[in-house]
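*Asks:* here's my sequence, what's the structure:
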Amino acid sequence: MKWKKDKNDNTDNIEKIEKKNKKQKNKKKRKKENDQIVRIQELEEMLEKSGEDIDPETIVSMYVPHRKPKRIGAALLRMDKLNLVLIGMLLIVAVLFIIAFSQEKMGNFTINLNRLELYRRGISISETGEFNDATARLTASSVKDATNISIDDIPDNLDGESGSHNGKNYMAYTYYVRNAGKEDLGYIAKITLDSCAKGAEEAVRVAVWRNGKRVVYAESAKDGSAEKGCVNFKSKDVVCSYHEENFLVGNVDRYTIVIWMEGDDPECVDSIIGGSVQFSMHIDSDTDDNTSLVWKFVKDIKDTLSGDKPINAAGNEAPNDSYYSDRDITWENRRNK
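*Replies:* The predicted structure is shown next:
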């Protein structure tokens, strides 16, 4: 036996649902009106208590719809997580920064030979006295996390080494300059202070051995006098300058540079911790050649084609009719030995 649904029953159900929905809408409307009345009453009370000095943002916040608290809370939670991540990253960077700069530093020391006026005319530099790797630019190894020491801690035999031979808290570098060209020349070798931080330059020492003779350079004392056992820097940016007026064909000069922080210097105080210094050495011609670049280029091509070119920096052969006509030019058999 089949049961059939009465149409009147469906009509009654629909009417009941519509009445229920209508009641819910009226209830929400009354709640919204009550909320607005409460907020107006709160506003009136605030006006009575505070007078006219009320923050507009406070008034606006009273009318923020209550239907969004979950969305706002979620946004705040997301913002808090993002802030925590950012703060954590900043702390990591700060720690790394402190570790990296917690001690004095001596950056890379570079030696630069003037390519146009010296290198192309047979002047070259090298880490070794044999000049097997002659070039126009050299770079010494840097010293990281160095602390101050005394000049008494510097070994006496540093001038006998070649290339980079750093110690625990000092930079040491030895190199050679050679004239293997066709003509006698002059050059100026100058050490410059390229950068510094936190006053570290006030306590730094730069010792230079030139062909075995040592001179120690330092910033002048506060009263302008020279530090004990030192020669003042030549200027604010120049440590020292060496002028070789007659650098003959076959001559070889040797330089050893040692840099450290002098612990006995009165300016070696806690405030320079984390400071840094960086120096470089430049070797230039002592004369100005106003010849145009085009003419220099043409002359080089002519010398190359005629076989009368100066010795390039990568070779050891001596030029025709020079002091060394049949031997290599090295530190051991140099003309100015």
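
*Asks:* quick check: which element contains Met281?
*Replies:* strand 276-285 (DSSP states H and E).

*Asks:* tell me the mean pLDDT over that strand?
*Replies:* Strand 276-285 shows a mean pLDDT of 94.

*Asks:* from Ser280, how far off is the residue lying closest to Cys230 once chain neighbours are set aside?
*Replies:* Nearest non-adjacent residue to Cys230, counting by C-beta to C-beta, 6 or more residues apart in numbering: Ala218, 4.0 Å away. To be clear about C-beta, it is placed using only N, CA and C from the backbone, and glycine gets the same treatment. Using C-beta to C-beta, to the nearest Å, Ala218 is found at 18 Å from Ser280.

*Asks:* compare the two (neighbour count), which wins?
*Replies:* Between Ala218 and Ser280, counting by other C-beta atoms under 10 Å, Ala218 is the more crowded of the two (24 against 18).

*Asks:* before we move on, back to that, please look at the residue nearest to Cys230 and Asn232 and confirm they touch.
*Replies:* Yes. The pair Ala218 and Asn232 passes the contact test of C-beta atoms under 8 Å, sitting 7.1 Å apart.

*Asks:* shared neighbours of those two, which are they?
*Replies:* Shared contacts of Ala218 and Asn232, defined by C-beta atoms under 8 Å, 6 or more residues apart in numbering, are found at Ala226.

*Asks:* any regions of the protein where pLDDT drops low?
*Replies:* Regions of the chain meeting the criterion pLDDT under 70 cover residues 1-82, 84, 94-107, 296-297, 304, 307-327.

*Asks:* would you map the strands across it?
*Replies:* 104-106, 109-113, 123-126, 137-140, 143-146, 163-164, 170-179, 185-197, 204-210, 213-218, 231-232, 238-247, 252-261, 276-285 (DSSP state E).

*Asks:* I'd like to know which of the ones you listed is closest to Leu91.
*Replies:* Closest to Leu91 of those is strand 143-146 (C-beta to C-beta; 21.8 Å).

*Asks:* so which bits of that closest one are buried?
*Replies:* The neighbour-count check on strand 143-146 (16 or more other C-beta atoms under 10 Å) flags Val143, Ala146 as buried.

*Asks:* what packs against that strand?
*Replies:* With contacts defined as 3 or more C-beta pairs under 8 Å, 6 or more residues apart in numbering; DSSP states H and E, strand 143-146 has these neighbours: strand 104-106, strand 170-179, strand 252-261.
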